[in-house]
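Asker: 3D, please:
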Amino acid sequence: MNNQQIGKLIQERRDYLNLTQKDVAEMAGITFKSISEIELGIRNPTLNTLKGVLDALGLELTVQIKSMI
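Answerer: Have a look, this model is predicted:
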């Protein structure tokens, strides 16, 4: 996934949960500007920041090994 796709996923989940960007920012311990930029795909969040946002939205990050074949 690229930054735009991650941002869209976060925005769609936030909208589904009827939360504002301010709500998610507060729950994730980041600034309103940060969540806005993440949703717009113009910020590349750290792994910790991304985990905090996903936790706030009831989502989780999984890592999968690519097939080498």
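
Asker: in the protein, which helix has the most residues?
Answerer: Scanning the chain for the helix with the most residues, using DSSP state H, yields helix 3-16.

Asker: report the angle between the helix or strand following that helix and helix 3-16.
Answerer: Sequence-wise, the next helix or strand downstream of helix 3-16 (DSSP states H and E) is helix 21-28. Relative orientation of helix 21-28 versus helix 3-16 (axes from the mean of the first three to the mean of the last three CA atoms, to 10 degrees): 100 degrees.

Asker: so what touches helix 21-28?
Answerer: Helix 21-28 is contacted by residues 10, 14, 31-32, 34-36, 39, 49, 52-53, 55-57 when judged by CB atoms under 8 Å, 6 or more residues apart in numbering. Backbone N, C-alpha and C define where each C-beta goes, glycine included.

Asker: change it to 7 Å
Answerer: 14, 31-32, 34-36, 52-53, 56-57 (CB atoms under 7 Å, 6 or more residues apart in numbering).

Asker: residues in contact with stretch 48-60?
Answerer: Taking CB under 7 Å, 6+ apart as the rule, stretch 48-60 contacts 10, 13-14, 17, 24, 27-30, 35, 38, 61.
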